[in-house]
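Q: Here is my input; please provide its structure:
(chains A and B)
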Protein chains: 2
Amino acid sequence: MSEILDLLAVIGRLLRAENVLILCHKNPDGDTIGSAAALMHALKRLGKEAAVLCADPIPSRYSYMEIELFQGQFEPGYVVAVDVASIQLFGDALQEYLDRIDLCIDHHGSNSGYADALLLDAQAAATCEIMYDIICAMNVEISPCIARCLYTGLSTDTGCFLFSNTTAKSHLLAAKLMEAGVDVAELNMILFESKSKARMAIERTALENLEYHFEDRCALMSLTREQIAASGVAANELEDLTSLPRKIEGVQVGITLRQLPQGSYKISVRTTAEVDACAIAKRLGGGGHSRAAGCELEGNLDNAKAAILAEVERELKRADAAAQEQE
Amino acid sequence: MSEILDLLAVIGRLLRAENVLILCHKNPDGDTIGSAAALMHALKRLGKEAAVLCADPIPSRYSYMEIELFQGQFEPGYVVAVDVASIQLFGDALQEYLDRIDLCIDHHGSNSGYADALLLDAQAAATCEIMYDIICAMNVEISPCIARCLYTGLSTDTGCFLFSNTTAKSHLLAAKLMEAGVDVAELNMILFESKSKARMAIERTALENLEYHFEDRCALMSLTREQIAASGVAANELEDLTSLPRKIEGVQVGITLRQLPQGSYKISVRTTAEVDACAIAKRLGGGGHSRAAGCELEGNLDNAKAAILAEVERELKRADAAAQEQE
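A: Modelled structure (predicted):
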């Protein structure tokens, strides 16, 4: 297990570090990229070498973060993982670094403790919230570029301040980042208001495949790799589709199954407050947060559906029993 | 024209006022209702009689605001309009009060000055931002209920902090309101995160009917009255569907046609900055703003489509010519 560090100890180590390699999780989202980019810029401002590495390409819409990718330009002296809850989430391409991760900075309560040291704040809505405190504590000015990186993680992980993980601190940080130079109109347009034709096509297919279970308490959407390929949609454009089924009135568990290129199904679980998403995913070898979790299952669509629905049913029954007990 | 007041002058008048009638605009939204409710609660805490009046019913999802509606329970001594830009927006039911509006509190730069006195802040993202300052200046504590009312206006007018009117002040206020007791997870769920099964069904149909024109510069969605009836969706649930086609990458004109119960087609036009939505709608007898406009056409779907597409093409050509001229 990791040594648990507080903010001050982390600052000490980062200020001593040289040639810092920053690792993101695969299928990178705004928070892992935003916190990696912000840390990279901050370390560079301190005169250090720093670069970012991710198993998958950084989506082009994040180009404003001006990320320097790691391509062997230095010998890594200190390896930091940001927003990565478990070792499986790095992807195969990062294999050679996985036994030497010095520090992990994360906001996932389920962090498996794979790194030598860990700074974890499960109350933070985004790893970027923690990264803001780190950068300020290192006495680096929040430049407009760093502010844009941090706003990206903060806004994408909170669904633009919509999700239940949003706190007063999230809004205070957004205000500070705007004062530091973020043009939210411009960024929100890039991050939330633009959908490709392919994404519209896959949304149509997803809605055609929408089914309801357990007296409409569970809504399930599925996409096969053939359907995904036919739409031409990029993997990262599928991420926020997962929030769709849970938004339906009365639905307590929203499930999205999407087939990965090698055939297995990536399953996303989204729940309302009464139902534990992590418990559902965990029993199938996955993990996550109490209201957003995920797992991966081998086998065909029918088998994957049957397996996840059995766990959903079990958790709904547990939630009902807990509710009755409370009465 | 109205006498222009500053915050202090407004406080003075409100503290002297008795039996305050607060008027909202018709087709009430979260900001007019939220600012009216917050002012009502604040005045009641000061020991005054106060009640809210609106030409249309307050949607039931806003019941948490605990609004006391005006039903003649006192003789109005002071009449305040909140978030109402012009006299036409009150609706016929409020006719008897329209020549005696003492004060208007608003954030619309276009306010026509119909009230005796006006407090206007066109920089405010929502009238609720102004109302927060008023209530604090009256030395009334922001109770959890008042905070919920103010958060409602703030979040709905900014599209949950997504739209370009969002400022650092908006986020700071959101943080303060959360600290005053707003459960944003609960409110956001009510305000933004809930779609009926019927709405999901009609969204599917709309996407199935999505077509692209003019080298994908125009996306068009249509719904017949039979399709709308089959989904069971309510008319007000269809409003924000109209923003969908314009969000597609590269689309400059998003068109939505929906058939009304009597058979004609209601057409919504949404455009990017280069294209004039109002010009398109106007030539078909409609009107609106430069980026959001609408009109109504008789005839069958094919005729309605042909008519609107002809105007879209004409306006795209005009926009191209204007762009060329600028070069």
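Q: Give me the mean pLDDT for the strand or helix carrying A:Asp302.
A: Assigned by DSSP states H and E, A:Asp302 falls within helix A:301-326. When pLDDT is averaged along helix A:301-326, the result is 95.
Q: List the buried residues in that helix.
A: Under the neighbour-count criterion of 16 or more other Cβ atoms under 10 Å in any protein chain shown, helix A:301-326 has A:304-305, A:307-309, A:311-313, A:315-316, A:319 buried. The way it works is simple: take the backbone N, C-alpha and C, and place the C-beta from them, glycine included.
Q: ok, the helix or strand of chain A with the lowest mean pLDDT: who's next to it in the sheet?
A: Least confident helix or strand of chain A, by mean pLDDT, DSSP states H and E, is strand A:287-288 with a mean of 87. For strand A:287-288, sheet partners with direction are given as strand A:292-297 (antiparallel), following DSSP bridges.
Q: Neighbours of A:Glu141, how many?
A: The burial count assigned to A:Glu141 is 11, neighbours taken as other Cβ atoms under 10 Å in any protein chain shown.
Q: how close does the closest residue to it other than its chain neighbours sit to chain B?
A: For A:Glu141, the nearest residue in space outside its immediate sequence neighbours is A:Arg45; the separation is 7.6 Å by Cβ to Cβ, 6 or more residues apart in numbering or on different chains. Distance, A:Arg45 to chain B, by Cβ to the nearest Cβ, to the nearest Å: 23 Å.
Q: quick one: contacts for A:Arg45?
A: Each residue near A:Arg45 by Cβ atoms under 8 Å, 6 or more residues apart in numbering or on different chains is listed here: A:140-141, A:143.
Q: Closest one of the buried residues of helix A:301-326 to chain B?
A: Using Cβ to the nearest Cβ, A:Ala319 is the member of the buried residues of helix A:301-326 that sits closest to chain B, with 17.0 Å.
Q: My guess is A:Arg204 contacts B:Leu210. True?
A: Yes - distance between A:Arg204 and B:Leu210: 7.4 Å, which falls inside the contact criterion (Cβ atoms under 8 Å).
Q: Dump the contacts of A:Arg45 to CSV, plus secondary structure and pLDDT.
A: As requested, these are arranged in CSV below (DSSP: H, G, I helix; E, B strand; the rest coil; pLDDT from 0 to 100):
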residue, secondary structure, pLDDT
A:Val140, coil, 98
A:Glu141, coil, 98
A:Ser143, coil, 98
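Q: ok, so of those, who is nearest A:Met221?
A: If you rank those by distance to A:Met221 using Cβ to Cβ, A:Ser143 comes first, at 40.3 Å.
Q: What separation do you get for that closest one and chain B?
A: As for A:Ser143, its distance to chain B is 17 Å (criterion: Cβ to the nearest Cβ).
Q: quick one: that residue and A:Leu177 touch, right?
A: No - with the criterion set as Cβ under 8 Å, A:Ser143 and A:Leu177 do not qualify as a contacting pair; they are 11.0 Å apart.
Q: ok, those two, which is more surrounded?
A: When neighbours are counted by other Cβ under 10 Å, A:Leu177 comes out ahead of the other of A:Ser143 and A:Leu177, with 27 against 16.
Q: pLDDT at A:Ala234, what is it?
A: 84.
Q: who are the neighbours in contact with it?
A: By Cβ under 8 Å, 6+ apart, A:Ala234 lies in contact with A:59, A:196, A:198.
Q: And the helices in the stretch 201-327 of chain A?
A: A:225-231, A:277-282, A:301-326 (DSSP state H, counting those that start in this stretch).
Q: CSV please, covering the contacts of A:Ala234 and showing pLDDT.
A: Putting these into CSV (pLDDT from 0 to 100) gives the following:
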residue, pLDDT
A:Pro59, 90
A:Ser196, 89
A:Ala198, 94
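Q: And A:Asp302, how far from chain B?
A: Distance check for A:Asp302 against chain B: by Cβ to the nearest Cβ, it reads 22 Å.
Q: same question, A:Met200
A: The gap separating A:Met200 from chain B is 6 Å, by Cβ to the nearest Cβ.
Q: how about the nearest residue to that residue, chain neighbours excluded?
A: Ranked by Cβ to Cβ, 6+ apart and with sequence neighbours excluded, the top spatial neighbour of A:Met200 is B:Ile248, at 5.8 Å.
Q: So what's the residue count around the closest residue to chain B within the stretch 1-150 of chain A?
A: Scanning the stretch 1-150 of chain A for proximity to chain B using Cβ to the nearest Cβ identifies A:Arg61 as nearest, at 10.1 Å. Counted with other Cβ under 10 Å, the burial measure for A:Arg61 works out to 14 neighbours.
Q: Can you tell me how far it is from A:Leu187?
A: For A:Arg61, the distance to A:Leu187 under the criterion Cβ to Cβ, to the nearest Å works out to 10 Å.
Q: Could I get the contacting residues of the nearest residue to A:Thr224 once chain neighbours are set aside?
A: The shortest distance from A:Thr224 to any residue that is not its chain neighbour, by Cβ to Cβ, 6+ apart, is 5.0 Å, and that residue is A:Gln259. When contacts are counted by Cβ under 8 Å, 6+ apart, A:Gln259 is found next to A:223-225, A:228, A:265-266, A:301.
Q: nearest to chain B, of those residues?
A: Checking the contacts of A:Gln259 one by one against chain B (Cβ to the nearest Cβ), the nearest turns out to be A:Leu223, at 14.2 Å.
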